[in-house]
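Peer 1: task: produce atomic coordinates for the following.
(one chain, ligands or ions: 1)
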Amino acid sequence: MISEPIRIDFSTGELTGEGVEEVCRTLGQLEGVFRDAEAWGAMSPAQLVYRVQLYRPVQKGVAGGLFWGTTFVEPGLVGDEYFMTKGHVHVPRDRSEYYVTTGGEGALILMDERRQTRVELMRPGSLHYIPSGHAHRVANTGPGVLSFLACWPSDTENDYESVLEHGFSARLRRVDGSPLLVEEP
Ligand SMILES: [Fe+2]
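Peer 2: Numbers count the residues shown, from 1 in each chain. As a prediction, the model looks like this:
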């Protein structure tokens, strides 16, 4: 038997093939994520912020497997904060992940277990290793869609709640037209 493989369009990151799933996140689904709640409330809840394509060849929770995905983050701002993903940390904590940027301009925001936050610039072709125990989110700082590929272990749960509750120690904000990592008060 010859089966058709999943395909990746490397110019866009778009995945095609049997079994590719898709999840969308709108502004309305991202309550509490952005610092400026007033600016968030004045925007359309239906506004798409990001879309994730997933390829999961094994059941979620199975040890020893790998998942693949592409995330597409729309350009935009909520107040002075760039459109970004919700952010999560892996459970169990000793699970790491790779990102590869396929299009656009952005930043990977990483916070270690001592709550030290740093940023890696994302440009087409940039490879990012997310070490275990690091909270991570991606912000789109460019004028177009930011897309990146990801690969992570299939027995990883994404803990969004603790990130939403405690936040990152710094946020990527547009200051004088450029991205700046600003410590939270
Ligand atoms: Fe992750």
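
Peer 1: how much space separates the residue of the chain positioned farthest from its centre from residue 75?
Peer 2: Most distant from the centre of the chain: residue 1, at 36.3 Å, with distances by CA atoms, centre = their mean. From residue 1 across to residue 75, the span is 43 Å (CB to CB, to the nearest Å). C-beta: built from backbone N, CA, C; applies to glycine.

Peer 1: what's the burial count for residue 89?
Peer 2: For residue 89, the tally of surrounding residues (other CB atoms under 10 Å) stands at 22.

Peer 1: what pairs with it across the strands?
Peer 2: Beta bridges link residue 89 to residue 159, judged by DSSP bridges.

Peer 1: so who does it touch?
Peer 2: When contacts are counted by CB atoms under 8 Å, 6 or more residues apart in numbering, residue 89 touches 133, 134, 135, 136, 158, 159, 162, 163.

Peer 1: rerun that using 10 Å as the cut-off
Peer 2: 95, 111, 113, 130, 132-136, 157-163, 166 (CB atoms under 10 Å, 6 or more residues apart in numbering).

Peer 1: buried subset of those, written for PyMOL?
Peer 2: Selection of buried members from those for PyMOL, criterion 16 or more other CB atoms under 10 Å:
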select buried, resi 95+111+130+133+134+135+136+160+163
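
Peer 1: from the contacts of residue 89, which land in helices?
Peer 2: 161, 162, 163, 166 (DSSP state H).

Peer 1: test my guess that the last one contacts residue 113.
Peer 2: No: at 11.8 Å, residue 166 and residue 113 do not qualify as touching, with contact defined as CB atoms under 10 Å.

Peer 1: pLDDT on stretch 6-24, on average?
Peer 2: Mean per-residue pLDDT for stretch 6-24: 96.

Peer 1: same question but for stretch 153-165, I mixed them up
Peer 2: Mean predicted lDDT for stretch 153-165 stands at 96.

Peer 1: try stretch 88-106
Peer 2: On average, stretch 88-106 scores 97.

Peer 1: can you offset everything so residue one is 234?
Peer 2: Sure, I'll start counting at 234 from here, so that last one is stretch 321-339.

Peer 1: give the buried residues for that stretch.
Peer 2: 321-323, 328, 330, 332-339.

Peer 1: could I get those as TSV with distance to residue 289?
Peer 2: Shown next, in TSV, are these (distance: CB to CB, whole Å):
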residue	distance to residue 289
321	16
322	20
323	16
328	15
330	14
332	17
333	18
334	22
335	20
336	23
337	25
338	28
339	24
